[in-house]
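Asker: starting from these lines, generate the structure:
(chains A and B)
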Amino acid sequence: MRMKSALAAAAIVALAAGCGSGGGDKGGSAAGKPGEPVKLNFLSLAWQKESVAANKQIVDEWNKANPTIQVTYVQGSWDNVNDQLVTQFAGGTAPDVIHNDSPALSGFASDGYLLDLSDKLPAELKSDIPQKSWDTVTFDDGKGKQGVYGVPFLQESQVIIANKKLLDGAGVRIPTPDNPWTWDEFSAAAKKMTKGDAFGVAWPMKSPVNKSLNLALNFGGTFFQTVDGKTTVKVGPEEKEVLQRIHDQLYKDKSADPAALGQGTADPLPAFYAGKFALLPAGVYLRQQVAEQAPKGFEWVTLPPLKGTTTDQGAVSQTLSVAQDSKHPDEALKFISYFLNPTNQAKLAKGDWLLPTSVKAAADPSMTTKENGWDVATASAKNLVVAPFLKVNGFDEWKSKVATPALQEYFANKISIDDVAKKLVDDGNKVLERYQR
Amino acid sequence: MTVTTRGGAAGLRRVPQYLALLAYVVFLAFPLLWLLSTALKTPREMALADPTWIPREPTLANFADAFGEQDLVGAATRSLVVALASSVITVVISLPAAYAIARYRGLVNRIAIGWVLVSQVFPFILIIIPLFMILRDLELVNTLPGLVVVHVTFTLPFALWMLQGYVRAVPAELEEAAAMDGAGRIRTIVGVVAPLLAPGVVATLLFAFISSWNEFLFALVILQDPDVMTLPLTLVRFTGPEGVARLGPLAAASLMATIPSLIFFAIIQRRLKSGLMAGAVKG
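Answerer: Prediction:
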């Protein structure tokens, strides 16, 4: 019935000239007749004002300098990009150049939707980005061969945004990138800053998984292990360490603001500005909101990542990939190489308040200035290693169905550390098993 | 005097009713007022721990950003075209079908109604890829007519269900009376049934319009060219990952997005008022 209706409506709509068609080609790149420029569609997920402006500026510069390869800038959204791409990949109409993040590439790569760039990357681009960043975009193609399915260009680390007045008032040692706080020092500082109605720290844990897993690497916690090609969930002492420490701040030390626990990443900011707590562990990009919103006279600083047995943190990258079905993969890669040259990467990183993967971009003065904590943020890139979960088939389902509710219960003090470990392992392995049959 | 006292007492009795009504109006208006308030605030004021209703330093910067960064007028025009076309086509198709289902009872009729209901339980996400393939083969991907086809297809079952209820509410005696007076089937439908169905048609039109105006998922996968994108696709560009958003421009753009719906509703709401049927078969 729906199809009949659709066809009937299609006939009527075809007559409805008032609708106008706009476009009408099948998406993706145009074939490019002789004498006509090659046309590429670039799906960008930039959303901050400065970042969108930087993206548009770079595309405009490219289009002016390359009349034979014209790029159309298409703005998408992080919230829905994978729904959009699944359909467009299946229909063969995906954009030529695709902005995404590295965890999403694994599935698309093994389904054959993304072009393997291993042998196509220009030497200059390849050498400007460290191998550990390339590792975040190296995946199995579904047939046992490893390939590079994107160019990593922006990364996020977890730093601590601090109320300077409360920090100075506590008389604690101010950490530096070369001499960061250990978790013990952090806990002691948070306790010291807990006075009256003010707490030392706030942990917004509405989405607790990525933060917990990335920080767990401080103590060597990987949460997954692969033996004889089979991946299982592992929650031992290393994995429990950070979970337990955060839990202790909430319920033992009582140095963490309980009001922030159920909040999303940016939600505690009004309370932060009001001095309700002193320290906010957050991704480096949150500095943008603080810089924009903080009341006049409010002083804040960025503190470097914490140290457990190491300062390692799990990293994912924002990436640019080429669709397997693109009719102009070479031109798409030329555009990517230009788009991600060191000068442009510095602009993009500045626009998104993230860390560039380009070594040369990271040395740009705008990335190392003390203003708004850029020096500390950029220095934290050295702590980033490939997030172990990045290459686990079934991680997304484990994260949403098992880990998120289990960790939320644990941080709400409804279950013990052993209970959460059991849930993560037992229920998690059932999920992973399905992906490994 | 007695009348005045009685009137006063009646007025007093109505006070709680008016208070309840006022509370309900405030409840309904709250999101819109909060949207307006947010749209006029600076980022700093939006982040106050104690939120303010009336902006301390009202600014139009959010509107300037929203309109400066995105083609909101173009997107709203396209959304309007799609929503109007979808709602009109939906009603044109579903009205005769609803009449047939309501008036001619039999096995086919029951199967049709059953199928309409069953079609509502399919999650859209399950059929989006096959639907996309069909539209691609019809060369309707990345076109507004393609989106209209999809909106009509998905609004039609519920519109049909709504309208057949309205048709059933029109007494068959009216049609019989018209027939007795010598009116043929077409004349009866056009001259007698159609005017009585006006409120139902308007309600269905409104339902189809709002469904299409707000629709996001199909527009997201079907429209790929920035020049054909509709308003919901434009609004989402102010949001980032993990629920972080540029609240000011988003509120300003969302406020603008509600205006065409409000105008459309204001124009046709008079028609929604029932009462046309009152007394139709009396005496």
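Asker: tally of neighbours for residue 166?
Answerer: Defaulting to chain A. A total of 18 residues lie near residue A:166 under the criterion other Cβ atoms under 10 Å in any protein chain shown. Any C-beta I mention is one placed from the backbone N, CA and C, and that applies to glycine too.
Asker: looking at chain B here, not the other one
Answerer: Residues near residue B:166, counting by other Cβ under 10 Å: 22.
Asker: might you report the residue contacts of the nearest residue to it once chain neighbours are set aside?
Answerer: Spatially, and ignoring its direct neighbours in sequence, residue B:166 is nearest to residue B:200 (2.9 Å; Cβ to Cβ, 6 or more residues apart in numbering or on different chains). By Cβ atoms under 8 Å, 6 or more residues apart in numbering or on different chains, the contact set of residue B:200 is B:162-163, B:165-167, B:169.
Asker: how does it look with 10 Å?
Answerer: B:91, B:95, B:98, B:162-167, B:169-170, B:272, B:274 (Cβ atoms under 10 Å, 6 or more residues apart in numbering or on different chains).
Asker: neighbours of residue B:98, how many?
Answerer: Around residue B:98 there are 25 other residues, counting by other Cβ under 10 Å.
Asker: on that earlier part again, now name the helix or strand holding the residue nearest to residue B:166.
Answerer: helix B:194-214 (DSSP states H and E).
Asker: could you do residue B:186 as well?
Answerer: helix B:185-188.
Asker: got a list of contacts for that helix?
Answerer: Contacts for helix B:185-188 (Cβ under 10 Å, 6+ apart): B:174-179, B:181, B:194.
Asker: one more pass at 7 Å, please.
Answerer: B:175, B:178-179 (Cβ atoms under 7 Å, 6 or more residues apart in numbering or on different chains).
Asker: gap between it and the chain center?
Answerer: The chain centre lies 30 Å from the centre of helix B:185-188; the measure is Cα atoms, centre = their mean, to the nearest Å.
Asker: do the same with stretch A:229-236
Answerer: With Cα atoms, centre = their mean, you get 23 Å for stretch A:229-236.
Asker: tell me how far residue B:200 lies from residue B:64.
Answerer: 43 Å (Cβ to Cβ, to the nearest Å).
Asker: typo on my end, it should be residue B:190
Answerer: 51 Å.
Asker: equivalent analysis for residue B:38, please.
Answerer: 15 Å.
Asker: ok, these two, which is more surrounded?
Answerer: Higher neighbour count among residue B:38 and residue B:64: residue B:38, with 20 against 12, using other Cβ under 10 Å.
Asker: quick one: secondary structure of the closest residue to the more buried one other than its chain neighbours?
Answerer: Nearest residue to residue B:38, sequence neighbours excluded (Cβ to Cβ, 6+ apart): residue B:251, at 3.9 Å. Judged by DSSP: H, G, I helix; E, B strand; the rest coil, the three-state class of residue B:251 is helix.
Asker: quick one, what contacts residue B:251?
Answerer: B:35, B:38-39, B:62.
Asker: so how far is chain A from it?
Answerer: Look at residue B:251 and chain A: by Cβ to the nearest Cβ, to the nearest Å, they are 15 Å apart.
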